[in-house]
Each structure stands twice: as structure tokens, then as C-alpha cells.
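Asks: How does the following fold in three dimensions:
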Amino acid sequence: MSDRLAAVDLTLTLGVTPPGYVAEARLTQPGSQADAVLASTVPLALAPVALLAHALDPVAYGQALTTQLFAAPALRDAWQQARALAHGTNRPLRVRLSLPADAADLHALRWETLRDPSSDLPLACDERIFLVRTLVSSELRPVTLGPRPDLRALLVVANPHDLARYHLAALEVAAEVQRVRDALGA
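Replies: Down below sits the predicted model:
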């Protein structure tokens, strides 16, 4: 990737320290030889059990998770600095959530529902933000993931006969199906 297209990286490293969780925020920008530590050993207000109350509502879940993650002013400030730098340099922002490999409760959280703490828009729907989850392990042996499950997709292409009544254009069903097949591959 050329430097012009490289992303600004905000790495949020979460850790487990009894009785709760802590975070560190690091900023890496293209062309810099050093990371900037924006926040270190910040206590988190994560409450995985409380999030279960929103399990059936992804918007409410994402809002609650975002509120919990960014409850500390230091993390909100780190977010705003990273977002402003990416925007000011016309670069995408890569948000790396670095989680301990042995923290099952953190891995169980639906990080893909995170929202921008400033605008309340979902991060996963912003084409200028890349949300990445990574593992951190103290193991010196290689960490390997289990086998990937077989993935399946169901595609439904609707092309009702009365589209003209609603001033809608007809779809080319075969072309739509082929586009999805091409995108998904085997």
C-alpha cells in the first residue's frame, strides 16, 4: 500500500486486571518512526453481563458497548485525536482492538456493533474506518486458530410483477445472482 493510501492506526489494547479491565491507546501514523501513546492503563467500565440486556437490539447493544468502552475521558480523547488526524490527512482510520487470547468474556462481546462516540454512527458501516480485532498472547508457541467452519449464504432476489405501480425499476434477476456468486466465489 502506498504511503498516500496508508491508514492512521488507533490500537486499543484491552487487558484483564482484577477486578476489571484496562486499556491502552496507541496511535500510528504513516511516515512516523514511533507510535504515540495516547492513553495508558485506563480503567474500563466494561460490563459484559449488563450488555446482555440489549442482546436482541444491535443498535442499543452498540450504544451501550460504546458508552462503556469510551467512558474514560482519556479514551474518548484518544478517539477524537485519531479521528481528527485521519480526517485531516484524508486517510482512513484503522481501529485495532487488541484482546488477550484467554479473555473469553471480551471475545464474546459484539465489537462489530461499536459506534462513533462522537456521532453515534456505526463504525462498521463507515467506509473510512476499518475495524480489526487481533489477539494478544503471552505464549511463545505459535497461536493457531481452529478450522474455519463451512460458510453458507442464502440469496433472495425479489422482482415483483407490479413494480410499475410503485414507480420501481425491474431487476435483472440472473445478473444479480451472478454478481453475488462472483463476489462469494466457491
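
Asks: tell me the contacts of the residue nearest to the spatial centre of the chain?
Replies: Centre of the chain computed as the mean C-alpha position; nearest residue by CA atoms, centre = their mean is Leu131, 3.2 Å away. Residues counted as contacts of Leu131 (CB atoms under 8 Å, 6 or more residues apart in numbering) are Val95, Leu97, Trp111, Glu112, Leu114, Leu123, Ala124. Just so you know, the C-beta spots here come from the backbone N, C-alpha and C atoms, and that holds for glycine as well.

Asks: Just the buried ones out of those, please.
Replies: Neighbour-count burial (16 or more other CB atoms under 10 Å) is assigned, among those, to Val95, Leu97, Trp111, Leu114, Leu123.

Asks: Just put the residues you listed in CSV and tack on distance to Gly146.
Replies: Output for the buried ones among the contacts of Leu131, formatted as CSV (distance: CB to CB, whole Å):
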residue, distance to Gly146
Val95, 25
Leu97, 20
Trp111, 19
Leu114, 25
Leu123, 27
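
Asks: Closest one of those residues to Gln68?
Replies: Leu114 (10.3 Å; CB to CB).

Asks: hang on, the closest one packs against Ala124?
Replies: Yes - counting by CB atoms under 8 Å, Leu114 touches Ala124, with 7.4 Å between them.

Asks: where do the helices sit along the protein?
Replies: Chain-ordered helices for the chain, with DSSP state H as the definition, fall at 48-51, 58-69, 73-88, 104-107, 173-184.

Asks: need the ones you listed in a markdown table with distance to Gly20 and mean pLDDT, can you?
Replies: Written out in a markdown table, the entries for those read as follows (distance: least, CB to CB, whole Å; pLDDT from 0 to 100):
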| stretch | distance to Gly20 | mean pLDDT |
| --- | --- | --- |
| helix 48-51 | 11 | 93 |
| helix 58-69 | 11 | 97 |
| helix 73-88 | 14 | 95 |
| helix 104-107 | 11 | 91 |
| helix 173-184 | 41 | 88 |
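
Asks: Could you tell me which ranges of this structure sit under the pLDDT cut-off?
Replies: Across the chain, the stretches falling below the confidence threshold (pLDDT under 70) are 1-5.

Asks: Centroid-wise, who is the farthest residue in the chain?
Replies: Farthest out in the chain is Arg165, which, by CA atoms, centre = their mean, sits 40.5 Å from the centre.

Asks: which one is Ala55 nearest to, not counting chain neighbours?
Replies: Tyr61 (6.6 Å; CB to CB, 6 or more residues apart in numbering).

Asks: Wait, that neighbour touches Ala50, no?
Replies: No - taking contact to mean CB under 8 Å, the distance of 10.6 Å between Tyr61 and Ala50 leaves them out of contact.

Asks: Quick check on these two: which one has the bigger neighbour count.
Replies: Residue environment comparison for Tyr61 versus Ala50 gives the larger neighbour count to Tyr61, 20 against 12, counting by other CB atoms under 10 Å.

Asks: List the contacts of that one.
Replies: Leu51, His54, Ala55, Arg110, Thr113.
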